[in-house]
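[1] Coordinates for the following, if possible.
(one chain, ligands or ions: 1)
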Amino acid sequence: MALDVGVDIGGTNIKLGVVDAGGRVVARSRLKTEAGKGPRQALERVARGIARFREKHAVGSVGVGIAGLVDHEYGIVRVPPNLPGWHGTAVKAELAELTGLGVRVTNDVNAVCLGEWLFGAGRGCDDLFCLTLGTGVGGAAVVAGRLLLGANGAAGELGHTVIFGNGLPCRCGGRGCLERYVGAEYLVKRARARVKAQVKRVSSHRDQMPLFGGLQPERPSVLASLPARRLDPEAIGRSARAGDKLALELVDELGEYVGLGLVNVVALFDPGRIVIGGGLAGLGEPLFKAVRRTVNRRGQLFDGRRLEIVGAGLGGDAGVVGASRLGRLPG
Ligand SMILES: [Zn+2]
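    Numbers count the residues shown, from 1 in each chain. Okay, here's the model as predicted:
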């Protein structure tokens, strides 16, 4: 059976897997990227990991997903955000030399999109948009059954599309970018500020209660009882699903921002399905509900328009599984 290796290179970890033609990971390993020590040492360890796989499995090709802009012809990565010192690395040529195998390279979100399209929640849909929500916000599109690369390999970068013309400054130098509103760190920042404001409100109401008989005091959010370091997206999601009002408001607001970004995607690409993955997709149904509501309200929807918005299906394996298919794609 045809087996290929998928490699998912992130700022902290590198995931490797041997993947069969049905998208199943039959062997896997994980390395520390140690990005600060430069690309060569990491690629040499990747090559050694692949050599170990080949002791047991007949591997046909290697596919790599890596954060940053990727030149798909030469497999060169440019301006990778979490891999300082890797700019200009010829990942394809170096890994081909180290392994003797055919190597193809793409952007990490493209790899996730490929995995979801072929084997996950995007299966069977040839006009698909994949959104990843985490520290950063990524996007990738399959259009008419082909992964959309763009003239510079930079298609689908939804994180830095503008949702507020004169909005908050973003680290990219722009203003009002989607990522500035929905990136995980900004969600946590908003949560801290809202919890603080609520605590203040509740205590001042308590002081005034004797003056206004019969007023019900505001119920403090469970988020207020957490130590600051534990006020993270997971806690917000858990509290929202349990019905905590403040957590629900935060997730609803996040979903509205994501929905605004997706209204633009719908207008541009007319996808039949949008798959949302990444850590923040774990916020669950309260998030998806707000996203769908916003797209339904603000998007140009018409009777019978086919559009589903669903959660990703492959979890943390999507990047490895998708990258492994690169060598099997036409073109
Ligand atoms: Zn930006």
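[2] Buried residues, stretch 269-277. List them.
    Along stretch 269-277, these residues count as buried under the neighbour rule (16 or more other C-beta atoms under 10 Å): 269, 271, 272, 273, 274, 275, 276, 277. C-beta: built from backbone N, CA, C; applies to glycine.
[3] Can you tell me which of the residues you listed comes closest to the ion?
    residue 276 (19.4 Å; C-beta to the ion).
[4] quick revisit: can you lay out the buried residues of stretch 269-277 as JSON lines showing pLDDT?
    Converted to JSON lines, the buried residues of stretch 269-277 look like this (pLDDT from 0 to 100):
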{"residue": "269", "pLDDT": "91"}
{"residue": "271", "pLDDT": "96"}
{"residue": "272", "pLDDT": "96"}
{"residue": "273", "pLDDT": "98"}
{"residue": "274", "pLDDT": "98"}
{"residue": "275", "pLDDT": "98"}
{"residue": "276", "pLDDT": "97"}
{"residue": "277", "pLDDT": "95"}
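[5] Looking at those, which is nearest residue 243?
    Nearest to residue 243, judged by C-beta to C-beta, of these is residue 276 at 22.3 Å.
[6] who in this structure is up against the ion?
    160, 170, 172, 174, 177 (C-beta under 5 Å from the ion).
[7] Please identify the buried residues of the helix or strand bottoming out on mean pLDDT in the chain?
    Least confident helix or strand of the chain, by mean pLDDT, DSSP states H and E, is helix 184-208 with a mean of 88. In terms of neighbour count (16+ other C-beta under 10 Å), helix 184-208 has its buried residues at 184, 186, 187, 188, 190, 191, 194, 195, 198.
[8] pull the CA atoms of whatever helix or strand comes next after it into PDB?
    Using DSSP states H and E, the helix or strand that follows helix 184-208 in sequence is helix 233-241. Below are the C-alpha coordinates for helix 233-241, written out as PDB (Å, rounded to 0.1, in the frame of the first residue of the first chain):
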ATOM      1  CA  PRO A 233      -9.600  30.000  26.300                       C
ATOM      2  CA  GLU A 234     -10.200  26.500  27.700                       C
ATOM      3  CA  ALA A 235     -11.700  27.900  30.900                       C
ATOM      4  CA  ILE A 236     -13.800  30.400  28.900                       C
ATOM      5  CA  GLY A 237     -15.200  27.700  26.700                       C
ATOM      6  CA  ARG A 238     -15.900  25.400  29.600                       C
ATOM      7  CA  SER A 239     -17.700  28.200  31.500                       C
ATOM      8  CA  ALA A 240     -19.700  29.300  28.400                       C
ATOM      9  CA  ARG A 241     -20.900  25.700  27.800                       C
END
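[9] in helix 233-241, what's buried?
    233, 235, 236, 237, 238, 239, 240, 241.
[10] Distance from the following helix or strand past that helix to the middle of the chain?
    Sequence order places helix 245-269 as the next helix or strand after helix 233-241, per DSSP H and E. Mean-position distance between helix 245-269 and its chain equals 15 Å (C-alpha atoms, centre = their mean, to the nearest Å).
[11] one step back: quick one, which of the residues of the chain next to the ion are buried?
    160, 170, 177.
[12] Now those in JSON lines, please, with extra columns for secondary structure and pLDDT.
    Below are these laid out as JSON lines (DSSP: H, G, I helix; E, B strand; the rest coil; pLDDT from 0 to 100):
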{"residue": "160", "secondary structure": "helix", "pLDDT": "91"}
{"residue": "170", "secondary structure": "coil", "pLDDT": "92"}
{"residue": "177", "secondary structure": "strand", "pLDDT": "95"}
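[13] Let me have those residues in JSON lines, adding distance to residue 24 as columns.
    Below are these laid out as JSON lines (distance: C-beta to C-beta, whole Å):
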{"residue": "160", "distance to residue 24": "35"}
{"residue": "170", "distance to residue 24": "39"}
{"residue": "177", "distance to residue 24": "37"}
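[14] so what's whatever residue of the stretch 1-150 of the chain ends up closest to the ion closest to, chain neighbours aside?
    Scanning the stretch 1-150 of the chain for proximity to the ion using C-beta to the ion identifies residue 137 as nearest, at 9.2 Å. Of all residues not flanking residue 137 in the chain, residue 159 sits nearest, at 3.4 Å (C-beta to C-beta, 6 or more residues apart in numbering).
[15] For that neighbour, give me phi and psi.
    Torsion angles at residue 159 (phi, psi; degrees, to the nearest 10) stand at phi -60, psi -30.
[16] didn't it look like it was pressed against residue 179?
    Yes: between residue 159 and residue 179 a contact is recorded at 3.8 Å, counting by C-beta atoms under 8 Å.
[17] list residues touching both of these two?
    Residues touching both residue 159 and residue 179 by C-beta atoms under 8 Å, 6 or more residues apart in numbering: 136, 137.
[18] neighbour-wise, which of those two wins?
    Counting neighbours by other C-beta atoms under 10 Å for residue 159 and for residue 179 shows that residue 179 has the greater number, 25 against 22.
[19] how about residue 77, what does it touch?
    Shown in contact with residue 77 (C-beta under 8 Å, 6+ apart): 66, 68, 69, 70, 71, 83, 86, 87, 88, 89, 91, 105.
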